[in-house]
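K.L.:
Quick one, fold the following:
(2 chains)
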Protein chains: 2
Amino acid sequence: MIKANDPSLTSWVEVDPKSDFPIQNLPFGIFKTQSSSPRIGVAIGDQVLDLAILNKLGFLDNLKIDNSVFTNQYLNDFIALGKQTTMAVRERISNLLNANNAELRDNKEAQAKVLQYISNVQMQMPVRIGDYTDFYSSIDHATNVGTMFRDPTNALLPNWKHLPVGYHGRASSIVVSGTDFHRPKGQTKPADSELPVFGPTKLLDFELETAFIIGKSTNMGESVTTANAGDYIFGMTLFNDWSARDVQTWEYVPLGPFLAKNFASTISPWIVTMEALEPFRTAGYTQEPKVLPYLEYSGDKNIDIQLDVIIQPENGEETLVSHSNYKFMYWTMEQQLAHHTVNGCNINIGDVMASGTISGPTPESFGSMLEITWRGTKPVKMKDGSERKFINDNDTVIMRGYAEKDGVRIGFGEAKGKVLPTL
Amino acid sequence: MIKANDPSLTSWVEVDPKSDFPIQNLPFGIFKTQSSSPRIGVAIGDQVLDLAILNKLGFLDNLKIDNSVFTNQYLNDFIALGKQTTMAVRERISNLLNANNAELRDNKEAQAKVLQYISNVQMQMPVRIGDYTDFYSSIDHATNVGTMFRDPTNALLPNWKHLPVGYHGRASSIVVSGTDFHRPKGQTKPADSELPVFGPTKLLDFELETAFIIGKSTNMGESVTTANAGDYIFGMTLFNDWSARDVQTWEYVPLGPFLAKNFASTISPWIVTMEALEPFRTAGYTQEPKVLPYLEYSGDKNIDIQLDVIIQPENGEETLVSHSNYKFMYWTMEQQLAHHTVNGCNINIGDVMASGTISGPTPESFGSMLEITWRGTKPVKMKDGSERKFINDNDTVIMRGYAEKDGVRIGFGEAKGKVLPTL
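P.N.:
Numbering: from 1, shown residues only, chains lettered A, B, ... in the order given. Okay, the predicted model is just below:
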């Protein structure tokens, strides 16, 4: 087994100490180049290791995996091999990249074939997503929203502490980091208007989230428990659940968000495995009132993942607008998955389950402009002197995340998207 | 062009006058047998025409379609050929089955290869569903629910007449007619309990719906208009949006239904084309207040489709509990699709968009037990003398639908599912 947080592990591939992708990480993604079709890659430093060629050259022979699994536009078939196999692949890659292993280190010809700079490749959607679910599991976020839109003295709805509230979102419009999109149009009802109006959203927002990727399917009628949920979670990504707040306010009763969120969501391209994140587990919230037995869990199930949100104006400097942490979640992934399947709802490999906006207890750690600017009443000062209440045209929103301990940094790369003017 | 309602058209295949599948219908589905893998079939009377073999025998040669399109477990690739081609296939089949055409009529050997009794085959899911959307577009249903749960004098929420309210549902648990499922468990909060409890739903309900199947994809950023929406709709099915009312009441604020609906939805196996349904178009509701320009439409866009819901107890007689009609819809499919994409949300071939519960103005035409029994206060008398407030274990719920005019009946077959006891 790879010890993910072992600082003594080093690679013969040069890795900057600030890199998200040291040898302890080894996340999986799909990339293509101008001359090659999509295939599976593993990030190491600022390079990507081409698993299709690595396998073709015989370096993965002991694993006996058909190369069509690696020359694939999605990770689904690879994930379907099962955790035992995907963990063995990751371990083999760790060995191959280890500074003490000469196999690939001393084979410059093979190196030239299997390694490319990430800056020279195009990252693709990592998985074919069957269904996408979004939760609402940050207590600070739910409290902030409840305070703003309902009742500050009674901000959380009665069900909130009894179940991880969630809803189904649109899978078709989840796009990989770097995909720009146009400001959506929609129906809104301004406070000073008797009738609704139509036009570009005026309150375009990000939502800082993480997502977990389902690694094992179930049949209808089966339920996952909090105890075995880990077997069903392949890894995690960053996730920006773009939201049009004015559209949302008008449309969302009684059946929830729809056009306010289904125009685009941005996912980071590298799936960081749960094995790589394991050393960063930390205690979760003390849940009071006590949850129902099917939601009980034991052990440290939160994860200490630092999360940043940056706004970058057109040709401008980056301004950090949020610094949050995944450890602020009230409901754990294991609870979310147990709840999602307790009624027999089936899940499939590649399904995406997002956390919901992750806000911490202080304004600096709020995960949306809605909260950061408190509905636009406290604009954010940008480094270029301008102000933001929500997201402007030609702004790029960048999310970054990393877990760090004992000198080892397990990072996610970026979930980045630019808002183009309305079509 | 086939004249769908031409009563003079007859087939050499024997078709009962009460059949859903005369030569004027010719719906597409996927079937398999004990000896054959999934493939595309067309229903005619009580038989299914095997398009894979029909093509292999040369009867579709003029259309030049690769047989892999027909020997496929889903209709998606076939639909992707485009309406011009799929309409030409349907027209060719109509000619081949026509009583006046000797090609197949007088070729008993070929007939034996291409025709099988539907009762001898197993119908499959017709499409691979990317995303599933459920609307809420029946004014009588929305009014009934608003009256029961909110305010009888103000039953419709302010947005209801301005936009077709909809939400995203779970695609993974949509199953083809004939698939049984177990009563779901879930968290509910009884009125007399301070805390929520966990157990099998006590208020399992059906929702009588139709669904339309997307026939043409869009890219993110593109919008479909009410005028060109027809190009994007391949056909229709029946749809039962099974619902656990007690789970729904407790979970649905503020983000909408989740576990109350994602345990199972039942779809009928035959996709009836819009061409077959065209003669049954009828005027829609007069929409007051006037809708925003992007939702305006012209022409007769509702469809006169009679819809029945039957409950059949274990080994018991069928009891009709609802007789409704698709023409009662306030919002048309064209408006639903224009709204769904007005923000640039992309749609894909095979996506399913369901109508929401279809209730008419009278109790006989209500589309859910919630409404029929008015929250259980007016139980339904069954033919076997028992009563139903909601759906019992081992009940089978059967939905049937057909359009009928000038002696031509364009039917949908059945959407049928049996509720097994909780696992």
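
K.L.:
so for stretch A:73-82, what's the average pLDDT?
P.N.:
For stretch A:73-82, mean pLDDT is 98.

K.L.:
Stretch A:118-132 too?
P.N.:
98.

K.L.:
hmm, it in reach of chain B?
P.N.:
Yes. Contact of stretch A:118-132 with chain B (CB under 8 Å from any CB of the partner chain) involves A:130-131. Glycine gets a C-beta too; all of them are placed from N, C-alpha and C.

K.L.:
Okay, now the sheet partners of the longest strand anywhere in chain A, with direction.
P.N.:
In terms of residue count, the longest strand belonging to chain A (DSSP state E) is strand A:408-420. Here strand A:408-420 is paired, per DSSP bridges, with strand A:181-182 (parallel), strand A:396-405 (antiparallel).

K.L.:
What are the buried residues along it?
P.N.:
A:408-419 (16 or more other CB atoms under 10 Å in any protein chain shown).

K.L.:
Now render those as CSV, adding pLDDT and distance to residue A:275.
P.N.:
Formatted as CSV, the buried residues of strand A:408-420 follow (pLDDT from 0 to 100; distance: CB to CB, whole Å):
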residue, pLDDT, distance to residue A:275
A:408, 96, 13
A:409, 97, 16
A:410, 98, 10
A:411, 98, 15
A:412, 98, 15
A:413, 98, 18
A:414, 98, 22
A:415, 98, 21
A:416, 98, 26
A:417, 98, 29
A:418, 98, 33
A:419, 98, 35
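
K.L.:
hang on, the earlier thing: most tightly packed of the strands paired with strand A:408-420?
P.N.:
strand A:396-405 (a mean of 21; mean count of other CB atoms under 10 Å in any protein chain shown).

K.L.:
By proximity to chain B, which residue of the stretch 301-423 of chain A wins?
P.N.:
residue A:343 (3.8 Å; CB to the nearest CB).

K.L.:
is it fair to say that residue lies in a strand?
P.N.:
No. Secondary structure of residue A:343 (DSSP: H, G, I helix; E, B strand; the rest coil): coil, not part of a strand.

K.L.:
Distance-wise, check it relative to residue A:254.
P.N.:
20 Å (CB to CB, to the nearest Å).

K.L.:
When these two are compared, which one has more neighbours?
P.N.:
residue A:343 (27 against 20; other CB atoms under 10 Å in any protein chain shown).

K.L.:
Next, the contact list for the more buried one, please.
P.N.:
Residue A:343 makes contacts with A:223, B:184-186, B:244, B:247, B:259, B:262-263, as judged by CB atoms under 8 Å, 6 or more residues apart in numbering or on different chains.

K.L.:
And for the residue nearest to it when sequence neighbours are not counted, the neighbour number?
P.N.:
Using CB to CB, 6 or more residues apart in numbering or on different chains and skipping residues adjacent in sequence, the residue nearest residue A:343 is residue B:184, 3.8 Å away. If you count neighbours by other CB under 10 Å, residue B:184 ends up with 28.

K.L.:
Could you verify my assumption that residue B:184 touches residue B:201?
P.N.:
Yes. Contact criterion CB atoms under 8 Å: residue B:184 and residue B:201 qualify, at 5.6 Å.

K.L.:
And the residue of the stretch 301-423 of chain A closest to chain B, how far from residue B:260?
P.N.:
Going from residue A:343 to residue B:260 by CB to CB gives 8 Å.

K.L.:
can you check residue A:232 too?
P.N.:
As judged by CB to CB, residue A:232 and residue B:260 stand 22 Å apart.

K.L.:
How about residue A:318?
P.N.:
According to CB to CB, residue A:318 stands 43 Å off from residue B:260.

K.L.:
Compare neighbour counts for those two and give me the winner.
P.N.:
Counted by other CB under 10 Å, residue A:318 and residue B:260 do not tie: residue B:260 has more neighbours, with 25 against 14.
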